[in-house]
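K.L.:
Build me a model:
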Amino acid sequence: MTRHKQEWACRNYYSTYLEPIGVEMVPRYFYDEAVSGGLPFGERPEGRVVLTSVQPGDWLLFSDWSRTFRDLEDSEKVTKNLLGRRVNLHCTGFPIDTAKAVGRYSRRIIVASNQLERELAAERVVELNRYKIAEGIPHSRGCPMGWKKVSRVVSGRTVREYRVDPDERQLCGYVAGLRASGESHERIAQWLHTQRMFRSKRGSDRTVVVWMLQAHALDPPFPKITSYKRVREMIKSGELRLRTS
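P.N.:
Take a look at the predicted model:
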């Protein structure tokens, strides 16, 4: 209902604040379906249409400043562009006139507050994931090689945790044997593709084969790290060590 709700908010704002002062409404709505809010306004499909189609004297109404701009820098850039073209800007959440200095000041405060809120939320996610990694708790969609994610109910709430996956570890050992016998990564990957159990969990490309070999060869083996790229970086930096024969 997001699109309909935003259009409804725009219509209500118009009838309350703009229609009484004689602004004529041309009901043309711009809405980007499933486009990341991390993109600058001018890089979104509908955002580009807005910037190229508005004319001097137009009134442009946004449903929410936080949905409109990526951050304060994006807001300042776009707003300066539009105001310089004599486009009147309004937002349904805050009935302020950006043609006036107080309105522009208020908009900056609102956008900066929204940006702070997003950044604080992102920091909380990073901190929570850091704690989960340290405690060996599932923190992403991925799963460490040699482990499986399981869920159990504790005191009425569902808790996820990692448990040893003996089948996958045995398969990693078999792959290590194939590699030791001279099989290439590519040939092993082709063989893995025929193993339905493994294919449904991991995939069967060369990267997965290398991850299996490294996880099996580490000392200690099978660390609780969900990313092959992270495993590779930690091996290069010396944080993880491979067993020597």
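K.L.:
I figured P223 hits V231, correct?
P.N.:
Yes: here P223 reaches V231: they are 7.2 Å apart, a contact under CB atoms under 8 Å. C-beta here means a position set from N, CA and C on the backbone, and glycine is covered the same way.
K.L.:
Poorly predicted segments of the protein, please.
P.N.:
By pLDDT under 70, the low-scoring segments of the chain are 1, 99, 197, 199-200, 245.
K.L.:
ok, back up a step: intersection of neighbour lists for P223 and V231?
P.N.:
Common contact partners of P223 and V231 (CB atoms under 8 Å, 6 or more residues apart in numbering): 215, 240.
K.L.:
Would you mind giving the domain segments of the chain?
P.N.:
Using automatic domain parsing, the domains assigned to the chain come out as 2-120, 147-237.
K.L.:
Distance to E127 and mean neighbour count added to the ones you listed, as a markdown table?
P.N.:
Conversion of the domains of the chain to a markdown table gives the following (distance: least, CB to CB, whole Å; neighbours: other CB atoms under 10 Å):
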| stretch | distance to E127 | mean neighbour count |
| --- | --- | --- |
| domain 2-120 | 10 | 15 |
| domain 147-237 | 17 | 15 |
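K.L.:
Throw the ones you listed into JSON lines and include distance to I133, thanks.
P.N.:
Supplementary listing: those in JSON lines, determined by distance: least, CB to CB, whole Å:
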{"stretch": "domain 2-120", "distance to I133": "20"}
{"stretch": "domain 147-237", "distance to I133": "8"}
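K.L.:
and the longest helix for the protein?
P.N.:
Longest helix in the chain, counting residues (DSSP state H): helix 101-135.
K.L.:
quick one: that one to chain centroid distance?
P.N.:
Counting by CA atoms, centre = their mean, to the nearest Å, helix 101-135 is centred 14 Å from the centre of its parent chain.
K.L.:
Can I get the very next helix or strand once past it as PDB, trimmed to CA atoms?
P.N.:
Downstream of helix 101-135, the first helix or strand assigned by DSSP states H and E is strand 147-154. The C-alpha trace of strand 147-154 is given here as PDB (Å, rounded to 0.1, in the frame of the first residue of the first chain):
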ATOM      1  CA  TRP A 147      28.300 -26.000  10.000                       C
ATOM      2  CA  LYS A 148      24.500 -25.800   9.700                       C
ATOM      3  CA  LYS A 149      22.100 -23.400  11.200                       C
ATOM      4  CA  VAL A 150      19.400 -24.700  13.400                       C
ATOM      5  CA  SER A 151      16.600 -23.100  15.400                       C
ATOM      6  CA  ARG A 152      15.300 -23.900  18.800                       C
ATOM      7  CA  VAL A 153      12.800 -22.400  21.300                       C
ATOM      8  CA  VAL A 154      14.200 -21.000  24.500                       C
END
